[in-house]
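1. Sequence plus predicted model, see below.
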Amino acid sequence: MLVLSEARVGQSGVVERIDLAEEISNHLAHLGFLPGANIEVLRRAPAGDPTVYRIDGVEVGLRNETAKFIVIEESKR
């Protein structure tokens, strides 16, 4: 398992859990961040933050401060 903020561009996986306050978790759920959702790291800003992810076909940008609380199971290549 891997926290999302440590995943490299091009890596993909499945969301395992989100370890954030309920209010933030609910907001992320509306964006598609739910256990079992497929996620891919698309690109990082030039300074490294935020990062753009594709979650079940939708592109979403998250700051590392949020992404470090999202745990994924990396896809095997």
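-> Sure thing, it's come through.

2. which other residues reach stretch 53-62?
-> Residues outside stretch 53-62 that contact it (CB atoms under 8 Å, 6 or more residues apart in numbering) are 4, 15, 31-33, 37-42, 50-52, 67, 70. All C-beta atoms are positioned from the backbone trio N, CA, C, and that covers glycine.

3. Can you flag which of those residues belong to strands?
-> The strands, defined by DSSP state E, take in Val15, Asn38, Ile39, Glu40, Val41, Leu42, Thr51, Val52, Ile70 from the contacts of stretch 53-62.

4. Weed out the non-buried ones from those residues.
-> Applying 16 or more other CB atoms under 10 Å to those, the neighbour count classes Val15, Ile39, Glu40, Val41, Thr51, Ile70 as buried.

5. what about the first one, distance to Ala7?
-> Val15 sits 11 Å away from Ala7, going by CB to CB, to the nearest Å.

6. Identify the contacts common to the two.
-> Listed as contacting both Val15 and Ala7 by CB under 8 Å, 6+ apart are Ile72.

7. Would you check that Ala7 makes contact with Gly13?
-> Yes. Look at Ala7 against Gly13 with CB atoms under 8 Å: they come within range, at 7.1 Å.

8. hey, what's in contact with both of those two?
-> Ile72, Glu74.

9. Show me the helices in the protein, by range?
-> Secondary structure of the chain (DSSP state H): helices at 22-30, 64-67.

10. so of the ones you listed, which one's packed in deepest?
-> When you average the neighbours per residue for each of those (mean count of other CB atoms under 10 Å), helix 64-67 leads with a mean of 16.

11. Since that was my last question, I'll sign off now.
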